[in-house]
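1. I would like the atomic coordinates for the input below:
(chains A and B)
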Amino acid sequence: MTTTVTARPPQGAAATAATPLVRLSKVSKDFRGVLAISDIDLDIRAGEIHAILGENGAGKSTLMKVLAGVYQPTSGEMLLDGKPVTLTSPSDALERGIAMVFQETNLVPSMSVAQNIYLGDEKMFNRLRGLNIQAQRYLLSLNFYVDPTVQVSALGAGKKQMVEIARAVHHHARLIIFDEPTATLTPEEKFHFFNLARRLKEEGIAIIFISHALEEALQLSDRITVMRDSKLVVSDRTENFDRERIVQAMVGRSLTGELYAGGRRKARPMGKKILSVENLSMGNAVRNTSFSVFSGQVTGMFGLVGAGRTETMKIVAGVLKRDYFHGGTVRFEGRPVRYRTPRPAVRDGIVYVTEDRKIEGFFETMTIASNIQLGHLAKGINPFTPVTMIEARRLAKEWTGRLGVKSIDADARVIELSGGNQQKVVLAKALIQRPKLVILDEPTRGVDVGTIVEIHNFINELADGGMAVVVISSYLPEIMALSDRILVARQGRIVEEMDVAEATESRIMYAAVH
Amino acid sequence: MRKARLSQEGVVFALAVLLFAAFAVTLNNFLTTGNLIALVRSVSILGILGLGMGLVVIGRGIDLAMVATMVVSLSWVLSMTQGGMPLGTALLFGLALALAIGLMNGILIAYADIPAIFTTLAMGLVAYGAGRAFLFQIDVQNTPAGIAWFDFLGQGSVFGLPMPIVAFAVLAALMALLLLRTRFGRFVYAAGDNALAARITGIPLRPLIVAQYVVSALIAFLAGLVMAAAVSGMSTRLYNSTMIYDVLLVVVLGGISLSGGRGGVRNILVGTLLVGVLLNGMTILDITYTTQNLIKSLILLLAIMVDSFINPRDEQTSQQAQGDI
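-> Alright, predicted model coming up:
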């Protein structure tokens, strides 16, 4: 194995200038009929740093995975060095010079740095010392200061990333794709990463990175591509962008207008302050955040992935625990509370409805009636209270009626229902506990369009009835349509609070990105 | 899936009936009143233990310490009565011991997040070892003579039905009530189905797990009581037998899924019936103990395979820490 860093030169230098390294034309990918990306045309040139921006669910990750051979496009064509290719797997892509560095690293934690770099092309008889010396030379040639004998599990996020990059370069990668490379890095590590990316660029390696941080994209990249609603909105040289233009491109909407816009009513007045959170902290996920929630209102919580919205509200509902020291205070109805399990929170009147109903929402072996009844039972105390099926059916009938759950009968099992109806069952199970504060985490995720409207109407009814409702959503139009007050989270804290009257999509997005 | 579950129960029942018919036709001694009563009596202990195991398995756990709990608590009771203590007092001590074992199991599983299979396996060894070292010295303990209610429990009958069977029936009815008609029972199903969802819904997950193991230990104690009365003694060698696997066989064969949340008392009855017929037939056929074990173990393996085929464990939910096996 050589220790040179130079990427494998593409055939003919003249060709490089003209043909892009990778060209996608009209590439689409759907998952069981749902388009994740549609008609993407994109050029990646050798030796450029290319930033991909967009909201959660805009299709960035899918696009990257298509490039890296994880997914095969449903339609469209991919050209590598001007020739059409079909990537069958990530290892096939790597063979052809395309490497992807995932958010969770792909390294083997129990092996040394050197072993990880050469993983997959060891010789039959391996001398550890020889391997280490070889790795040492190689890493130094890249200017990576990582000890090759150290176990990967002992490394920080930044160093792990270096090892991943070293492995990719070792495999002659000509295009390295990063999924949110800076999300887990400290400011200093970020600085190193930037230098690294620039050095790789000088070697003629193309770099693509997904980011939620606009500043990073503007600072580091040569070109920026913005995606929205599974489409490519704009792809242009970085100097033609500023923050405003990026934000505009990220939020500008057309199709969804009719579903969400429709003449916004006046914000409901604030009821009494039911929840107040001060300096709440939990590890790196929630950092010293403070905010309040009022009764008789819908409080929308917006933020991008990793903003700590779910974690913050899970702490409030007792699902997660805040830091033991300097964890801050949570006051519910004026009384300081520290729940270690959701049970006392439920008993006090705080109910959390999960964003992932299959994993922590419903009981799949049970009927609709039993699911709803369990919410009712969990609120009570005496374990030997007699339980009757008649009562379960009555409760089920009442709540499926209120929420409009469509199924053949209440004895149908939840797993057999559509996503929208499952969500309604999970809602019923929560609301039967008569909460004073209900936290709805992505209440319309994986729900069909017709049901979204029903669920929105129901949420409005709850707030009109005096309940404090918190809606966590990654979808701006939903936040705009539902909320009376909007909280914007970024990096583990609430950074901005605004009334819906003064809120605009770009203002919210502006606060949510750096 | 709902249909598959029903048919599994039905298939097992049909199998039991078929096997019963086959034995009745081919074996001379099988269809005699004496043998039938012996059959049901011999499996009623297994069935009672199966009730406790079933509860724990529905809650997505497993209790491999049941036989140890039964053997140690009853051997201690009998050993104390031989030392002159009145049976009633000794039984109270024995009950306390059994509950303590269950409590420790539950606490380790629920609060220390140790997988149930290892906790109860180790706890069984500890209980047995400690019992042999400190509580009783000889292998086989005999029951005290001349205590009327105790003799009746072992030898008596109600309407011609031997008491062990009656005890099994009564406990089965109580267990059915507990599972279907109390908050506790519904919570066990919920926790077995989806522990994370149960927690978020406000079900006290950890106390619930502890309670399951305490109940299974209580049932182990009751099974031991019936057994000691029926065979006039308690042999510690039972712990080293394949009994705990027979109990598992009853539960899994009956159709209570190891993936939790599925099944009920009916499944245990069906499982007990099939295992009972099988064991009895094999004994009459004079199949050696070793071969019997081989056959039983193969059936257990097959039943577990069928179970994981019908009720596949979801990757994501099986990563929950609670009582996973």
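
2. Number of residues surrounding the residue lying closest to A:A166 once chain neighbours are set aside?
-> Of all residues beyond its chain neighbours, the one nearest A:A166 is A:I117 (5.4 Å), with distances taken as Cβ to Cβ, 6 or more residues apart in numbering or on different chains. From N, CA and C alone the C-beta is placed, and that goes for glycine too. Using other Cβ atoms under 10 Å in any protein chain shown, A:I117 has 27 other residues around it.

3. List phi and psi for A:I117.
-> Backbone torsions for A:I117, taken as degrees, to the nearest 10, come to phi -60, psi -40.

4. Would you verify that A:H192 is located in a strand?
-> No - applying DSSP: H, G, I helix; E, B strand; the rest coil, one finds A:H192 to be helix, outside a strand.

5. Quickly note the distance from it to A:T312.
-> 30 Å (Cβ to Cβ, to the nearest Å).

6. For the two, indicate the residue with more neighbours.
-> A direct count of neighbours by other Cβ under 10 Å for A:H192 and A:T312 places A:T312 higher, at 31 against 18.

7. Quick one: residues in contact with the host helix or strand of the more buried one.
-> In this assignment (DSSP states H and E), A:T312 forms part of helix A:309-316. The list of residues contacting helix A:309-316 from outside it, by Cβ atoms under 8 Å, 6 or more residues apart in numbering or on different chains, reads A:275, A:277, A:280, A:282, A:285-286, A:289, A:301-303, A:320-322, A:330, A:332, A:345, A:350, A:352, A:355, A:439, A:441, A:470, A:472, A:489, A:492, A:494.

8. got it, and stretch B:126-133?
-> Contacting residues not belonging to stretch B:126-133 are listed as B:A65, B:A68, B:T69, B:V71, B:V72, B:S75, B:W76, B:I101, B:T236, B:Y239 [Cβ under 8 Å, 6+ apart].

9. thinking again about what came up before, if we check chain B, which of the contacts of helix A:309-316 are in contact?
-> Counting by Cβ under 8 Å from any Cβ of the partner chain, A:A345, A:Y352 from the contacts of helix A:309-316 sit close to chain B.

10. ok so, going back, take the helix holding A:T312, keep the C-alpha atoms, and write them as PDB.
-> Taking C-alpha atoms only, helix A:309-316 is exported to PDB below (Å, rounded to 0.1, in the frame of the first residue of the first chain):
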ATOM      1  CA  ARG A 309     -37.400  20.100  21.200                       C
ATOM      2  CA  THR A 310     -38.400  16.500  21.900                       C
ATOM      3  CA  GLU A 311     -35.900  16.100  24.700                       C
ATOM      4  CA  THR A 312     -37.000  19.300  26.400                       C
ATOM      5  CA  MET A 313     -40.700  18.300  26.400                       C
ATOM      6  CA  LYS A 314     -39.900  14.700  27.300                       C
ATOM      7  CA  ILE A 315     -38.200  16.100  30.400                       C
ATOM      8  CA  VAL A 316     -41.200  18.100  31.300                       C
END
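
11. Would you mind checking the average pLDDT for that helix?
-> Averaging pLDDT along helix A:309-316 yields 92.

12. For it, which residues meet the burial criterion?
-> Buried positions in helix A:309-316, judged by neighbour count with 16 or more other Cβ atoms under 10 Å in any protein chain shown: A:R309, A:T310, A:E311, A:T312, A:M313, A:K314, A:I315, A:V316.

13. element containing the nearest residue to A:V414 once chain neighbours are set aside?
-> Sequence neighbours aside, A:F362 is the residue nearest to A:V414 in space, at 4.7 Å (criterion: Cβ to Cβ, 6+ apart). Assigned by DSSP H and E, A:F362 belongs to neither a helix nor a strand.

14. what about A:F362, neighbour count?
-> 27.

15. Low-confidence ranges, chain B, go.
-> By pLDDT under 70, the low-scoring segments of chain B are B:1-8, B:312-325.

16. where's A:L87 relative to A:N106, distance?
-> A:L87 sits 17 Å away from A:N106, going by Cβ to Cβ.

17. Between these two, tell me which one has more neighbours.
-> Between A:L87 and A:N106, counted using other Cβ under 10 Å, A:L87 has the larger neighbour count: 22 against 14.

18. Would you list the phi and psi of the closest residue to the more buried one other than its chain neighbours?
-> Excluding the flanking residues, the one nearest A:L87 by Cβ to Cβ, 6+ apart is A:G69, at 3.4 Å. Backbone torsions for A:G69, taken as degrees, to the nearest 10, come to phi 80, psi 10.

19. so who does A:G69 touch?
-> Going by Cβ under 8 Å, 6+ apart, A:G69 touches A:L87, A:T88, A:S89, A:P90, A:S91, A:D92, A:A93, A:L94, A:I98.

20. What distance do you get for the third one to chain B?
-> Between A:S89 and chain B the distance, using Cβ to the nearest Cβ, to the nearest Å, works out to 21 Å.

21. so how many other residues sit close to that residue?
-> Using other Cβ under 10 Å, A:S89 has 12 other residues around it.

22. what residues does the stretch 51-200 of chain B put near chain A?
-> Counting by Cβ under 8 Å from any Cβ, the residues of the stretch 51-200 of chain B close to chain A are B:180-187, B:189-190, B:193-194, B:196-200.

23. Tell me which of these fall in helices.
-> Secondary structure from DSSP state H places B:180-181, B:183-187, B:189-190, B:193, B:196-200 of these in helices.
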